[in-house]
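> Return a 3D structure for these sequence lines:
(2 chains)
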Amino acid sequence: MTNRIPRSKQPTIRAAMRRAVAMSVVCGIATYGIASGSGAFISLVGVGVVVAWLLCPASGRVAPRRAINAGLLGVVGLGVLQAMRMGFTVDTFAFFIGLLLVVKLLDLRRPSDWGQTITLSTALVVAGVLTSNTLLTGLALLISTVVLLRAVLRYQIYAAADRGGHDTERPVSWAHRRALNRIQRGIAVSVFVIGSVVFLFLPRELGTEAFGQWGGASMGQSTGFSDEVTLGQPGLVSESPTPVMDIAVVDRAGNNIGSLDSPPVYLRGAVLEDYAEGRWKPAPPSARRGQVLADFVSPEMPIRPWISPHRLLWDTELRVTIRSARPGMTPLFTAWEPLELAPVRVGRFIAFHTGLGTVQADQARGRIEYRVRIADTTLRPVPIDPGAVRRTVERSSIPAGVSDYAGAILTDLSIDPDPANRPIREDIIAVRSLTNHLKNAFTYTLEDQPIPPGRDATEWFLNDRKTGHCEYFASALAMMCRSVGINSRVVTGYVMTDYNEVTRQYIVRESSAHAWIEAEVAPAVWMTFDATPSAEFHAIHQPEPSFTRSVMNIFETIEYAWVTGVVAYDSETRAGVFGPLSSDFGLLQAGGRMINRLRFGGSSLMTRAIGTGIVVFCLSMLGGLIVRHRREWLVVLLASWRAWLAGIAERIRLTRRPPPERLRGAMLRALHRAGVPKPAHEPMRSFIDDASGALPAPLATTLRSSCDLLYAARFRALSTGRVPGSGDFHEAIRALGASEKTARRATAPSE
Amino acid sequence: MTQRNASRGNRAGQSGPSPVARRSMLGWPGFLFVGITVFLAVGAINSQNNLLFWVFGVAVAGVIVSGVVSGSGLMGVRLVAHPVRTLEAGVPGEISYTLESTNRRLGVFGLEIREAAVENESKESGGTGLCDAAGGVPYLAPKARERATLRWTPPRRGLLELDRIGVESRFPFGLLVKTLEFSSPRRALVLPCRLELRHGVFDAGRSGMTGGTSKRSRSGAGSEFYSIREYTPGDPRRIIAWRPSARRGDLLVVERTEPRSRSLWVWVTKPDGQPSSEDERCISERAFSLALALVREGARQHRSVGVWMPWAGVTIAPGSGRAFEHRIGEALALVDLDTPAGGLDADAPPPGSSEAEMLLIPLGTPPAEASAHPRQLTFDPREPSDWLASGAELPAPLMLQRKAGRR
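From the prediction side, this is the model:
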């Protein structure tokens, strides 16, 4: 294999490392910039990094030490100021790291400085992950992982070459480059696979929020929706396309009935009944009709928050996924009339208001999935009981201009504005007339104007301004309905219009936030009315298909898969993926019980636990140090124990000595008992020969023959007879014992 | 002195010896990385941020892969240490090795070689800086051999006993430092620092010295004509004088003269006790370097130079030649100031010094015989301006600490 690149253009170790580190810096800044969406960060830090790079690393220079120190002081000071102003948040941390990166690029003197640059880039990537979990952030994370891996590998080679005195400006061989690329691919695949396995297998929902909100990231929060409307302020107005919810619409048979042409569905969030000085807000709990009921609801046991006066069964089911709910009681958006509601997969604590039909769930944070069944009453006649009496509407807070305006409209249409004279069945006609008037005679705009002092906002809108956004229209219609004796309320939430044919789901975005009204057209019969001009409504919430829309749909499809597969991966998903393999054999429960015991067991238990932990830790450290540095102690200790244990085993006959050793021991004991102990330095045979005169004859004979046997076994090469076996030794020991007995009997004093 | 190399399998085609020990330790980046991994784990569990879970998984994978990759590649490395050439203090030298990979597929990146100097005979083990020096290769291909060098500047003379060599790698992530230790007993002799002496340092005019050389001609390979004689079998053909031989009709050879210079003795007198400070030790080192420089200068002038240091056990009669210079350098390198060998009378003059010239290097109070020698030159190591070449500077190891600090 030849190297196709000319030698003059072959990269050197140092050049390859510099390029890789530069790419890692770019990836770090890009990842955090994408995650935070902060143009200020990208412009400030990005430009600073480019300038610093051109000044120093690209030209081979470093800034003077004093300038570096001054820069560091400035960065630390700015970081402290930022933290004091905004608190210690991820944004503050990322800002500090970004500025530190700029200073570090001016101070690349030693190889370790390049390593520190990589570390700072990695910190920015982690900050991005802590900020957002969107698809783009995920893609940036994947790319950054590969780039950082590449940079670290090349940096390690460069640092080792520098420490070893190797010339880092020498061109790198083709074999080196190929081997490095190969190993880089292998490491990347291994890291991804192991990382994914850890991601999939790690149990979720352990110790959630034990340290507050730390670590959390947003993924399309339910912003844009507010439970208060203040005319004259932007309020619900938002043009952000950030998805908030995904909704699938199915019929009773479970068939998906969503389509591009379906009429908009109004998803109720908050009901606002109190109006004062241009501001709508929920009525105080004491003034609300109905009551709040709360219960733990499971997927198998749905709640029925509203008994339809139409006595209808549900015909449409909305399967809603809120991507990231705020912690605490969060509204569950439902269409009117919600007949049945249940969470999906996991039970939740749900509260619903019987009068307002609003539903809330107690949610830590993150994704919420639920299904709500509704009945479409648009084309059905309004059920009016004979003799029904219209509920009295409080009209004292309605400005005079509004009443006059509404009265004039109805009078022109031959509808009596006085509720005392108007039959109940004409209320729905009156509301529709007022709605159509607003749609036709007024225009829609997102621009806001300051309300003239001393004027009511709704009255000013009706009589003078004639243009405004959805909140003005809703407020005007609600006030006009009340002025003619029809009970009404402003409802805020989202409108569901954007259908994705690929995912077959509706995407509700922040820009879909909307306000409309519900009017009581008959006693206990509420209907939805939207006074926003149709043309503008469609322009905002149902844009025409275009190439851009198609591309956006594809992107949102991928993002939906990202959200459901990665961001929303939880213990239920894990159980669905692994099934029985996801069981932890009760370890989690045992761990949870232990943690609870420590938490509630009092300070003494905690102290004992901590003390035990410290003792175990110290003993482990000591043991480790001994093994590492005093290995010979262990060897000696083990050897002495082994000898001691062997002695014990020998004494209790766990291990038997060889037969010759046992015979020798028996001979020595026999000599000792006979009163003629053998000195250690004397050979056995010569001692027995010398001592035979002092020994009883049988014993001496047996000892001699035993000695011959012993010598035959020990000095086999010198013997001429056969090699004695263990049986011979056993026989000799037995014979020795017998001769000792004989000798004792012989020497025993006779009676 | 012959340098021994105890490494085995050093011949071409054979692998080097197997490692005698393996070590694996977590470097400080590794500790930092583990701390950050724990931080990520706590953050992920606390927030249920799935991307953070994935980042934690990647961090754990990094530790696992780091251990596997670094260990598997390094285990196939073999090392052969070459004999160490004689080094000079203050002069950068090289220690060479051959690295070989027995791996079939996996190359090894970022190899570093470090020596672990052991106790040496002259007890100069501390502060040599050898353990901090490193050599290595950036890449060792499978089944390949690479030569590596460790560049090191010995700070002082002496004999280093080298044995253990560590080959370490921090590849791929720098978290773990894995080391293979090889045993290869070698000796590294470090000669005293090289000095550049003043031109004409042996000039006459200084006390008691008669300069120049005195020729007592004798037959030799010199440049001057000495005599013509008959050819003797065994004489080289190049000394045959052809014209006289043709005139006479018989083979004749030319004999030339060899200038016989007067011998020089370099006498380094005994110091007054053991050196009690670094500066005194530095002065002693200067004396040794100066002695070696004088020997070299004498050899350059074709003179026989001997070294007389009976208090240190160095008594080398005048001689010449490269091997002789090396022998003197080795002897000076092995002098131990803390426990000098001794043996002979420290004040006794060198044998035959009455006929020779004396170059006196007084470390302590010079004995009367030295001072009274009729043909002696004194070179005070405390006054380098007297003998150091103009424009030359003392090597860093020979500079006093006070002056070194000002620099």
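
> When you work out contacts or count neighbours from here on, use the C-alpha atoms and nothing else.
Noted.

> pLDDT score for the residue in the stretch 251-400 of chain B that chain A sits nearest to?
Of all residues in the stretch 251-400 of chain B, B:Ala396 sits closest to chain A, at 21.3 Å by C-alpha to the nearest C-alpha. B:Ala396 is assigned 81 on the pLDDT scale.

> Verify the stated contact: it with B:Gly90.
Yes. Contact criterion C-alpha atoms under 8 Å: B:Ala396 and B:Gly90 qualify, at 6.7 Å.

> Between those two, which has more neighbouring residues?
B:Gly90 (22 against 15; other C-alpha atoms under 10 Å in any protein chain shown).

> so is the more buried one in a helix, a strand, or just coil?
When classified by DSSP: H, G, I helix; E, B strand; the rest coil, B:Gly90 comes out as coil.

> Likewise for B:Ala246?
Going by three-state DSSP: B:Ala246 is helix.

> Low-confidence ranges, chain B, go.
B:1-15, B:117-128, B:203-224, B:257-262, B:340-346, B:353-354, B:369-375, B:402-407 (pLDDT under 70).

> Which residue lies nearest the spatial centre of it?
Against the mean C-alpha coordinate of chain B, by C-alpha atoms, centre = their mean, the closest residue is B:Leu87 at 1.8 Å.

> so who does it touch?
Listed by C-alpha atoms under 8 Å, 6 or more residues apart in numbering or on different chains, the contact partners of B:Leu87 are B:Gly93, B:Pro154, B:Ala188, B:Leu189, B:Val190, B:Leu191.

> Is it bridged to anything, and to what?
Beta-bridge partners for B:Leu87, by DSSP bridges, are B:Val190.

> how close does it sit to chain A?
According to C-alpha to the nearest C-alpha, to the nearest Å, B:Leu87 and chain A sit 18 Å apart.

> neighbours around A:Arg465, how many?
15.

> Need the pLDDT of it.
In this prediction A:Arg465 is given a pLDDT of 86.

> so B:Leu360 is in which element?
strand B:357-361 (DSSP states H and E).

> domain parsing for chain A?
What automatic domain parsing lists as the domains of chain A is A:7-201, A:240-374, A:657-747.

> Quick one, which of those gets closest to chain B.
Of all those, domain A:7-201 sits nearest to chain B, with 3.9 Å by C-alpha to the nearest C-alpha.

> interface residues of the stretch 201-350 of chain B facing chain A?
Residues of the stretch 201-350 of chain B lying close to chain A (C-alpha under 8 Å from any C-alpha of the partner chain): none.

> Is A:Thr392 in contact with A:Ser488, as I believe?
No. A:Thr392 is not in contact with A:Ser488 according to C-alpha under 8 Å; the separation is 11.3 Å.

> between the two, who's got more neighbours?
Between A:Thr392 and A:Ser488, counted using other C-alpha under 10 Å, A:Ser488 has the larger neighbour count: 27 against 11.

> Next, find the distance separating the residue lying closest to the more buried one once chain neighbours are set aside from chain B.
Nearest residue to A:Ser488, sequence neighbours excluded (C-alpha to C-alpha, 6 or more residues apart in numbering or on different chains): A:Ala519, at 4.2 Å. Using C-alpha to the nearest C-alpha, A:Ala519 is found at 42 Å from chain B.

> which SS state does A:Ala519 fall under?
Put simply, A:Ala519 is strand when judged by three-state DSSP.

> Which of the helices or strands spans A:Leu101?
helix A:90-105.

> Quick check: buried residues in the next helix or strand after that helix?
Scanning forward in sequence from helix A:90-105 by DSSP H and E, the next helix or strand is helix A:111-131. Residues A:111, A:114-115, A:117-131 are the ones in helix A:111-131 that count as buried (16 or more other C-alpha atoms under 10 Å in any protein chain shown).

> same deal with stretch A:390-407?
Applying 16+ other C-alpha under 10 Å to stretch A:390-407 flags A:Arg390, A:Ile398, A:Pro399, A:Gly401, A:Val402, A:Ser403, A:Tyr405, A:Ala406, A:Gly407 as buried.

> go on, stretch B:100-108?
Buried-residue list, stretch B:100-108, by 16+ other C-alpha under 10 Å: B:Glu100, B:Ser101, B:Thr102, B:Asn103, B:Leu106, B:Gly107, B:Val108.

> Over to stretch B:293-312?
In stretch B:293-312, counting by 16+ other C-alpha under 10 Å, buried: B:293-299, B:302-312.

> where does B:Phe53 fall, phi/psi-wise?
Dihedral pair for B:Phe53: phi -60, psi -40, per degrees, to the nearest 10.

> Quantify the burial of it by counting its neighbouring residues.
Look at B:Phe53: counted by other C-alpha under 10 Å, it has 25 neighbours.

> doesn't B:Ser47 make contact with it?
No. Counting by C-alpha under 8 Å, B:Phe53 sits too far from B:Ser47 to count as a contact (9.7 Å).

> For A:Ala175, see how far away A:Gly186 is.
Going from A:Gly186 to A:Ala175 by C-alpha to C-alpha, to the nearest Å gives 16 Å.

> Disregarding flanking residues, what is the spatial nearest neighbour of A:Pro419?
A:Gly485 (5.3 Å).

> Having no further points to raise, I will conclude here.
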